[in-house]
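> got a sequence here, can you build the structure:
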Amino acid sequence: MPVTRSDIEKLAELSRIAITDAEAENVASSISDILMLVDQLQAVNTEGVAPMAHPLDAVQRLRTDEVTEEDQRDSLQAIAPATEDGFYLVPRVIE
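Purely as a prediction, here's the structure:
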């Protein structure tokens with residue numbers, strides 16, 4: 001279904017966008033071309049093609065999960081005004 005200039009003008013009015021007649025014609029043509037391309041892509045037979053998450057079989061190299069610093073929670077919470085069960089207590093901000 002081709003997009004017409006009147007469709008673009010109506011959309012421009014609904015979205016409160018000022019658009020000239022030349023711009024409306026240009027946008028209508030561009031959107032129609034895009035929709036034709038989408039129709040061509042949808043017509044392709046993809047039966048038997050496995051979906052893929054990424055076009056390359058790249059594997060992300062992750063570092064090993066190792067503890068590199070000692071636990072300092074008790075010493076850091078010792079200077080806090082209020083703590084309970086390892087959590088910082090703060091004043092309520094939402095009633």
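> hmm, who's touching the top helix by length along the chain?
Using DSSP state H to assign secondary structure, the helix with the most residues in the chain is helix 21-43. The list of residues contacting helix 21-43 from outside it, by CB atoms under 8 Å, 6 or more residues apart in numbering, reads Met1, Pro2, Val3, Thr4, Arg5, Asp7, Ile8, Glu9, Ala12, Ile19. No exception for glycine: its C-beta is placed from N, CA and C like everyone else's.
> with adjacent residues omitted, what lies nearest to Pro2?
Closest residue in space to Pro2, ignoring its immediate chain neighbours: Ser32 at 4.5 Å, by CB to CB, 6 or more residues apart in numbering.
> can you get me a residue count around the one you found?
Residue crowding around Ser32 was assessed by other CB atoms under 10 Å; the count is 15.
> single out whichever of the contacts of helix 21-43 has the smallest pLDDT.
Looking at the contacts of helix 21-43, model confidence by pLDDT dips furthest at Met1: 69.
> so which bits of the longest helix of the chain are buried?
Ala24, Val27, Ala28, Ile31 (16 or more other CB atoms under 10 Å).
> show me the helices in the chain, by range?
In order along the chain, the chain carries the following helices (DSSP H): 5-14, 21-43, 73-77.
> relative to Thr64, which of the ones you listed is closest?
Evaluated over these, closeness to Thr64 peaks at helix 73-77, with 23.0 Å, by CB to CB.
> show the pLDDT at the residue lying farthest from the centre of the chain.
The outermost residue of the chain relative to its centre, with distances by CA atoms, centre = their mean, is Ala78 at 41.4 Å. At Ala78, the predicted lDDT confidence score is 93.
> do the same with the one 3 residues further on
According to the prediction, Pro81 has pLDDT 93.
> that one - nearest residue in space that isn't next to it in sequence?
Setting aside the residues directly before and after it, Pro81 is nearest to Leu89 in space (CB to CB, 6+ apart), at 7.8 Å.
> OK, contacts around that neighbour?
Remark: with contacts taken as CB under 8 Å, 6+ apart, Leu89 is in contact with Pro81, Ala82, Thr83.
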